[in-house]
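[1] Let's see this in three dimensions:
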Amino acid sequence: MSMEEESRVEVVVTTDTSGAPHKAGERKLYVMFDAAKPDAGKLYFTEAEWDAFVLGVKDGEFDLDEDGNLPPLPEQQGQPQT
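    Modelled structure (predicted):
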């Protein structure tokens, strides 16, 4: 991977909700972005959304298997893969 292709995920906490007007009523937002490509877009999370995301990470919800695939959703477990 060349330097131009590298990513560096950063998260900042802000009280400025102007970047996410649909979440204007929130006290603070967690903003995730690629610091190597700051113009590529940002993801805005409320405190509750961020807490749920962090719990999912800790629980392995986003871990990839040895083939690089996400695990099946709970309703898909036990069903044959198509």
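
[2] Just to be sure, residue 55 is in a helix?
    Yes: counting by DSSP: H, G, I helix; E, B strand; the rest coil, residue 55 falls inside a helix.

[3] any idea how far it lies from residue 37?
    According to C-beta to C-beta, to the nearest Å, residue 55 stands 27 Å off from residue 37. C-beta here means a position set from N, CA and C on the backbone, and glycine is covered the same way.

[4] which one of these two has more residues nearby?
    Each of residue 55 and residue 37 has its neighbours counted (other C-beta atoms under 10 Å); residue 37 has more, 13 against 10.

[5] what number of residues lie near the spatially closest residue to the more buried one that is not a sequence neighbour?
    Nearest in space to residue 37, with sequence neighbours left out and distances taken as C-beta to C-beta, 6 or more residues apart in numbering, is residue 7 at 7.1 Å. Residues lying near residue 7 (other C-beta under 10 Å) number 11.

[6] Now do the SS call for residue 7.
    Assigned by three-state DSSP, the conformation of residue 7 is coil.

[7] Just to check, it is in contact with residue 32?
    No: assessed by C-beta atoms under 8 Å, residue 7 is found out of contact with residue 32, at 11.4 Å.

[8] how about residue 32, what does it touch?
    Residues counted as contacts of residue 32 (C-beta atoms under 8 Å, 6 or more residues apart in numbering) are 9, 10, 11, 42, 43, 45.

[9] List the buried residues in the strand or helix carrying it.
    For residue 32, the element it lies in under DSSP states H and E is strand 29-34. By neighbour count on 16 or more other C-beta atoms under 10 Å, the buried set for strand 29-34 is 29, 30, 31, 33.

[10] Run me through the strand neighbours of it, direction for each.
    strand 9-14 (antiparallel), strand 42-45 (antiparallel) (DSSP bridges).

[11] Just the C-alphas of that strand, formatted as PDB.
    Extracted C-alpha coordinates of strand 29-34, given in PDB (Å, rounded to 0.1, in the frame of the first residue of the first chain):
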ATOM      1  CA  LEU A  29     -21.500  14.200  18.500                       C
ATOM      2  CA  TYR A  30     -18.700  11.700  17.800                       C
ATOM      3  CA  VAL A  31     -17.200  12.400  14.400                       C
ATOM      4  CA  MET A  32     -15.300   9.600  12.600                       C
ATOM      5  CA  PHE A  33     -13.200  10.500   9.500                       C
ATOM      6  CA  ASP A  34     -10.100   9.400   7.600                       C
END
